[in-house]
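> Predicted model, plus sequence, below.
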Amino acid sequence: MNKNIILVGFMGTGKTTVGRRVSGKLNMDFYDTDEYIKQCEGMSVADVLTKKGPKYFEGAQRFAVKNLCENKNALIATGGSTLSDEKCREILFENGITVWLRAKPETIHENLTNSHNKRAELAGKSLDEIIKIIDEYSKEYEKSEIIVDVDENTNRDIDAVVEKVVKEIKNYTKEN
């Protein structure tokens, strides 16, 4: 495959977990923008945000996206807010096939509540507040070439989601 696969979606939709498995099935290298930032900064994304601020994080995110998109035949999982940045959007849409992992707000809320990776930017947020944030981000996610509903016909089984993503990518690349 000549183009990269870019996984987008809100926090808690499984981009990293699904991405690792899909990349293995498609024989692609796997990268995660949040992990890349963590390696470069020597601290978690949450710590970068709280200690260095949102503007600094925005620059770190752009740096990660730009560098990771230089790879070929890679699957890149992005942070939940990556597409909200215009420069990141341009780079990602230009350098890959975007796949939106879409989940119901209730699924996201549950996943974030049970996650070992606590999301500082969502700490203490109600389901209604999360829904508002998801609605804002969804305007950009909707521009993706492929949309996979992680709740639909999968019973939120990770293997079923992985198979669904692989199938959609193969169908898309055959047609284009």
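Here it is on my side, so go on.
> For Asn67, see how far away the closest residue to Cys69 other than its chain neighbours is.
Nearest non-adjacent residue to Cys69, counting by C-beta to C-beta, 6 or more residues apart in numbering: Asn95, 4.0 Å away. The C-beta positions use only the backbone N, C-alpha and C, and glycine is treated the same way. In this structure, Asn95 and Asn67 are 11 Å apart, going by C-beta to C-beta, to the nearest Å.
> just Glu152 next, same as before
Taking C-beta to C-beta, one finds Glu152 at 34 Å from Asn67.
> can you check Tyr137 too?
Following C-beta to C-beta, the distance that separates Tyr137 from Asn67 is 23 Å.
> In terms of neighbours, single out the busier of the two.
Tyr137 (18 against 14; other C-beta atoms under 10 Å).
> Which pLDDT value belongs to the more buried one?
Listed pLDDT for Tyr137 reads 91.
> Let me see the contact set for it.
Tyr137 is in contact with 10, 80-81, 83-84, counting by C-beta atoms under 8 Å, 6 or more residues apart in numbering.
> what are the ranges of the strands in the chain?
Applying DSSP state E to the chain gives strands spanning 4-8, 29-32, 74-77, 96-102, 146-149.
> least trustworthy helix or strand in this protein by mean pLDDT?
Least confident element among the helices and strands of the chain, by mean pLDDT, DSSP states H and E: helix 105-114 (a mean of 78).
> For that one, what is the distance to the chain centroid?
15 Å (C-alpha atoms, centre = their mean, to the nearest Å).
> Can you give me the buried ones in it?
Buried residues in helix 105-114, counted by 16 or more other C-beta atoms under 10 Å: 105, 107-109, 111-112.
> possible to save these as JSON lines with distance to Lys38?
Shown next, in JSON lines, are these (distance: C-beta to C-beta, whole Å):
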{"residue": "Pro105", "distance to Lys38": "27"}
{"residue": "Thr107", "distance to Lys38": "25"}
{"residue": "Ile108", "distance to Lys38": "22"}
{"residue": "His109", "distance to Lys38": "24"}
{"residue": "Asn111", "distance to Lys38": "20"}
{"residue": "Leu112", "distance to Lys38": "18"}
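> which one of the residues you listed sits closest to Lys170?
Minimum distance to Lys170 across the buried residues of helix 105-114 is 25.0 Å, recorded for Thr107 (C-beta to C-beta).
> For Lys25, which non-adjacent residue is spatially closest?
Closest residue in space to Lys25, ignoring its immediate chain neighbours: Val166 at 5.2 Å, by C-beta to C-beta, 6+ apart.
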